[in-house]
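# Sharing a model prediction with you, sequence too.
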Amino acid sequence: MLRFLMPWMLLVLCVAFFTARAAQRGPFAMRISCGARQNVQTVPTTTLWFKDFGYTGGIPANASRPSFITPPLKTLRFFPLSGGPSNCYNINGVPKGHYTVRIFFGLVEQASATNEPLFDISIQGTQIYSLKSGWTSQDDQAFTEAQVFLTDGSASICFHSTGHGDPAILSIEILQIDDNAYYFVPQWSQGIILRTVKRLSCGFGQSKFGVDYGADPRGGDRFWEHIKTFGDDSDRPRSVETRINQASRPPNFYPETLYRSALVSTSSQPDLTYTLDVDPNKNYSIWLHFAEIENSVTAIGQRVFNILINGDVVFEDIDIVKLSGGRFTALVLNTTVPVNGRTLTITLSPKEGSLAIITAVEIFEVIMSESKTLSDEVRALQTLKKALGLPPRFGWNGDPCVPQQHPWTGADCQLEKSSGKWVIDGLGLDNQGLKGFLPDDISRLHNLQILNLSGNSIGGAIPSSLGTITSLQVLDLSFNFFNGSIPESLGQLTLLQRLNLNGNFLSGMVPPTLGGRLLHRASFKYVVNDSTPVQAYQILKSIFFVMNVAKSTLLYGCSFTDNSGLCGIPGLPTCGPHLTAGAKIGIGLGASIAFLLLITFSVCWWKRRQNILRVQQIAARAAPYAKARTHFSRDIQMTRHNNHHANAHTASENGPILLS
């Protein structure tokens, strides 16, 4: 029996061990010291800050801390506008979950406070905050934070220049919190971001972070700004050392210390009122914290009050002892309200018994998450960025379409209803000094209607994959260095209305599918001379009426000028026999060999001719002497001839002569 139970006991022990280890590790936490080259630990909490990583662009520099609550870090990273209007930190390896993301701002050391940078911040493509002038003089504006769901294993945090100085970032914190933290409405989903507007600790105490309050790390280490009063003589602080029940509980894990102090209204001003300036036309989630800590209130009904926001009653007959279940017990109330004006006013108005009391206030702006761009189209643009060597000034970082206030330079977006995602419907990168080539991956931009790359130095072939972008209406590749032939696939673009390929190095025959569709009320320019376009217009117009081509498939503007190698449509040279690339190479080599042979033959003929002329010249100079020698030889021959006859006569008479 024992031998049978042993494996099960080991299994239970292993599960318990790994569960304990997981609990010991606690929630995921990532803290980055921007601009740091080494990991840093800060006192007095020995908090670990990782060295700088995951950024796009920017320059590290020594930092100046704008507030006493700013982490004691010595470096930052700032992003000059020359490096692009948008720069991001892309942090990978973040487990799926709910997070507090906090960004501390800084100042470049020795920079003047009057030159404080003002810029926008986005998280996961949604703009959450715009820095306001004077932030360096207000402690709680030295950072911004938001509660956001991260679901794809990464966190994207971007900074967008607004023309008022260079964004400068001191640190980034990504702190995991409970998935149900700050649950505030039914059907609450991952499509909502809560940005912290204000978090107050009322009564006695000091401004502290949660870690300083001894809070549970699952609460995300929140900063609580201490406030001693809502207004002159309108309230008085109270505090106790008594233990508070039901404080540090899931999902929000508020620190118990938070409920040990409070503000209480006065007899002269029974209403307890807090007023805050906010951005108009927003929704705000408000969390109000209470605990009955006054000795004068011991039973139900002794303190009852209403809670009004901007004059409207949102909670009626609040009895802390009754709702919390007793004295020294935490009570949290939450409501979400729209605010049209620029002021948010919270009023606690007593009804019976003692005066109003409050321990803490949290106010969040409710932000709807932006839909992102289709991932396939994002990858296509990233490939295009590399292929064209886009300079940093374009700032193609983060998401191409969101935040909507800061889309990528040259990219036009539209929201696709079927997927609920953004897609690219236009790219205008004309006259930007771009080089490189046009990649095949551009065909991933399935919703592209306008592509304008004119006036650059882009080379290589026109990718045939362009013919698969069936939504394309305007294609302008003019005044570049494109070479090769025009892809026949372009003839499949039935919605194409304007095609500009002039000013390139294209060659070969214009695809018949393009030539057959050309022209109705268009101004075509196929060649350089002035008369041909008119002739081409008349000819192709006749073709149009004969073929009865649908108006929706016509090209309303087209230019092939300054491509000396093109042929095959009226106004262009007639194309010769179609040859393969190998045949063209063979012809070229044959022509080169024939040319070399011709040169060799010509040189040989010229040398032979020179030799003949030289011989003739020598002969001409020797002619007088040759003539004299000829007469002399003739005389000798005649003499010999006469002697021969005489000798012959003598011999006949005298008989033969014997020689020895």
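Received the coordinates, thanks.

# Give me the mean pLDDT for stretch 607-623.
Stretch 607-623 comes out with an average pLDDT of 70.

# Same question for stretch 417-429.
Averaging pLDDT along stretch 417-429 yields 94.

# Next: stretch 292-312.
94.

# With stretch 574-585 instead?
Stretch 574-585 comes out at a mean pLDDT of 62.

# which residues in the protein form helices?
Secondary structure of the chain by DSSP state H: the helices cover 2-25, 320-324, 375-388, 512-515, 532-547, 581-621, 623-654.

# Among those, show the one with the smallest mean pLDDT.
Looking at the helices of the chain, the lowest mean pLDDT belongs to helix 532-547 (a mean of 41).

# Can you report how many residues neighbour the nearest residue to residue 575 once chain neighbours are set aside?
Distances taken as Cβ to Cβ, 6 or more residues apart in numbering put residue 567 closest to residue 575, at 4.1 Å, once the chain neighbours are dropped. No exception for glycine: its C-beta is placed from N, CA and C like everyone else's. Neighbour count of residue 567, defined by other Cβ atoms under 10 Å: 15.

# pLDDT score for residue 567?
The model's pLDDT for residue 567 equals 86.

# With residue 498 as the reference, measure out to it.
22 Å (Cβ to Cβ, to the nearest Å).

# swap in residue 505?
Going from residue 505 to residue 498 by Cβ to Cβ gives 21 Å.

# Isn't residue 558 up against residue 502?
No - checked against Cβ atoms under 8 Å, the pair residue 558 and residue 502 is beyond contact range at 9.1 Å.

# Please say which of these two ends up with more neighbours.
Per other Cβ under 10 Å, whichever of residue 558 and residue 502 has more neighbours is residue 558, with 24 against 21.

# distance of the more buried one from residue 461?
For residue 558, the distance to residue 461 - Cβ to Cβ - is 19 Å.

# for residue 109, same thing?
Using Cβ to Cβ, residue 109 is found at 52 Å from residue 461.

# now swap in residue 412 and tell me
26 Å.

# just residue 291 next, same as before
According to Cβ to Cβ, residue 291 stands 74 Å off from residue 461.

# now swap in residue 214 and tell me
Counting by Cβ to Cβ, the gap from residue 214 to residue 461 is 67 Å.

# Which of those two has more residues huddled nearby?
Neighbour tally, residue 214 and residue 461, criterion other Cβ under 10 Å: the higher count belongs to residue 461, 14 against 11.

# Specify the beta-bridge partners of the more buried one.
Residue 461 has these beta-bridge partners by DSSP bridges: residue 483.

# Need the per-residue pLDDT for it.
Looking at residue 461, the pLDDT reads 96.

# That one contacts residue 480, correct?
No - counting by Cβ under 8 Å, residue 461 does not reach residue 480; the two are 11.6 Å apart.

# quick one, what contacts the residue nearest to residue 575?
Residue 567 sits next to 508-510, 573-575 when contact means Cβ atoms under 8 Å, 6 or more residues apart in numbering.

# Among these, which one is most surrounded by other residues?
The most crowded member of the contacts of residue 567, judged by other Cβ under 10 Å, is residue 510 (25 neighbours).

# Give me the phi and psi for that one.
Residue 510 adopts backbone torsions of phi -70, psi 130, taken as degrees, to the nearest 10.

# Would you agree it is in contact with residue 565?
No - Residue 510 is beyond contact range of residue 565, at 10.9 Å (criterion: Cβ under 8 Å).

# joint contacts of the two?
With Cβ under 8 Å, 6+ apart applied, the contact sets of residue 510 and residue 565 do not overlap.

# who's in contact with the residue lying closest to residue 136 once chain neighbours are set aside?
Leaving aside its chain neighbours, residue 136 sits nearest to residue 66 (4.3 Å; criterion: Cβ to Cβ, 6+ apart). By Cβ under 8 Å, 6+ apart, the contact set of residue 66 is 105-107, 113, 116, 135-136, 142.

# quick one: which of those sit in strands?
105, 107 (DSSP state E).

# Let me have the contacts of residue 66 in JSON lines, adding pLDDT as columns.
Converted to JSON lines, the contacts of residue 66 look like this (pLDDT from 0 to 100):
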{"residue": "105", "pLDDT": "97"}
{"residue": "106", "pLDDT": "94"}
{"residue": "107", "pLDDT": "94"}
{"residue": "113", "pLDDT": "49"}
{"residue": "116", "pLDDT": "89"}
{"residue": "135", "pLDDT": "94"}
{"residue": "136", "pLDDT": "91"}
{"residue": "142", "pLDDT": "95"}
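
# need the contacts of residue 66 in TSV with distance to residue 129 and neighbour count, can you?
Below are the contacts of residue 66 laid out as TSV (distance: Cβ to Cβ, whole Å; neighbours: other Cβ atoms under 10 Å):
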residue	distance to residue 129	neighbour count
105	10	26
106	16	30
107	18	23
113	20	11
116	15	20
135	10	19
136	15	20
142	12	21
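
# Quick check: the gap between the residue lying closest to residue 433 once chain neighbours are set aside and residue 478.
Nearest non-adjacent residue to residue 433, counting by Cβ to Cβ, 6+ apart: residue 456, 6.5 Å away. Distance, residue 456 to residue 478, using Cβ to Cβ: 10 Å.

# who's more crowded, the two?
residue 478 (23 against 20).

# mind pulling up the phi and psi values for the more buried one?
phi -70, psi 160.

# I'd say it and residue 506 touch.
No - using Cβ under 8 Å, residue 478 makes no contact with residue 506, being 10.8 Å away.

# dump the residue contacts of the most centrally placed residue in the chain.
Nearest to the mean C-alpha position of the chain, by Cα atoms, centre = their mean, lies residue 397 at 2.8 Å. Contacts for residue 397 (Cβ under 8 Å, 6+ apart) come out as 56-57, 84, 86-88, 158.
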